[in-house]
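Participant: heads up, no residue letters with this:
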């Protein structure tokens, strides 16, 4: 069994960490495979959404495998980040399908994704605080952008672990689904995203990500340039709406 699998399911590329004996913790070779899976997704034009998950129900990912910490030595100077691709920004939507433990670097992998779907057993946090291990896979930057600085500092400083309900309340996860349904729900979401006109969706996504830290006038100018690049699609979409397509919410939402 490979510790990282890549499987196309419809419009989605499902990337699964499978080291269940280690709660899907990542060692250096597994991080290399995660990087390869990410590159494969980026190169696959037919894969419109990447879903990241962990094999089994016990853990999404428990972070870096601290019993194999020396195996990360060759990775530390690479652009992708210690866990494979955490310092890269995907060009297409990404979804984390979470069940069970989502800790330390595993939470940083989930934060890398655009959306997070979790089961009631999900437990999320940065327990590495207890051992003096730093967050170096994007957690200090992505968590405040998702939940706000105050909530982020609570988790970063305390190292406490939150359950699925609290994670949903603070916006750390987007949706809680019944046990065993996390991957199915992520695939449903992926198919819905794949049905939208891609150029405008991807342009809006990029504008939101790239404009987040810009002063408002610069961010608005970025949005304007982004919109201008997809005007042809917008005109076609407006014409379809005028003809009755999509009215009353039909076909809307994920």
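Facilitator: Received the coordinates, thanks. Quantities reported herein were computed from a predicted structural model and do not represent experimental measurements.
Participant: summarise which helices and strands the helix or strand harbouring residue 199 is packed against.
Facilitator: Using DSSP states H and E, residue 199 maps to helix 198-211. Applying 3 or more C-beta pairs under 8 Å, 6 or more residues apart in numbering; DSSP states H and E, one finds that helix 198-211 contacts helix 216-228, helix 231-242. The way it works is simple: take the backbone N, C-alpha and C, and place the C-beta from them, glycine included.
Participant: weakest of the ones you listed in terms of mean pLDDT?
Facilitator: Comparing mean pLDDT over those, the weakest stretch is helix 231-242, at a mean of 63.
Participant: so which residues of the stretch 1-150 of the chain form strands?
Facilitator: Using DSSP state E, counting those that start in this stretch, the strands of the stretch 1-150 of the chain run over 4-9, 12-17, 49-54, 59-61, 94-98, 101-103, 115-118, 123-125.
Participant: in its sheet, what does the second one sit against?
Facilitator: As defined by DSSP bridges, the strand partners of strand 12-17 come to strand 4-9 (antiparallel), strand 49-54 (parallel).
Participant: so where's the stretch 101-250 of the chain shaky on pLDDT?
Facilitator: 231, 233-235, 237-250 (pLDDT under 70).
Participant: how about JSON lines for the strands of the stretch 1-150 of the chain, with mean neighbour count and distance to residue 69 added?
Facilitator: Formatted as JSON lines, the strands of the stretch 1-150 of the chain follow (neighbours: other C-beta atoms under 10 Å; distance: least, C-beta to C-beta, whole Å):
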{"stretch": "strand 4-9", "mean neighbour count": "16", "distance to residue 69": "19"}
{"stretch": "strand 12-17", "mean neighbour count": "25", "distance to residue 69": "17"}
{"stretch": "strand 49-54", "mean neighbour count": "26", "distance to residue 69": "20"}
{"stretch": "strand 59-61", "mean neighbour count": "30", "distance to residue 69": "16"}
{"stretch": "strand 94-98", "mean neighbour count": "28", "distance to residue 69": "24"}
{"stretch": "strand 101-103", "mean neighbour count": "27", "distance to residue 69": "15"}
{"stretch": "strand 115-118", "mean neighbour count": "26", "distance to residue 69": "26"}
{"stretch": "strand 123-125", "mean neighbour count": "22", "distance to residue 69": "20"}
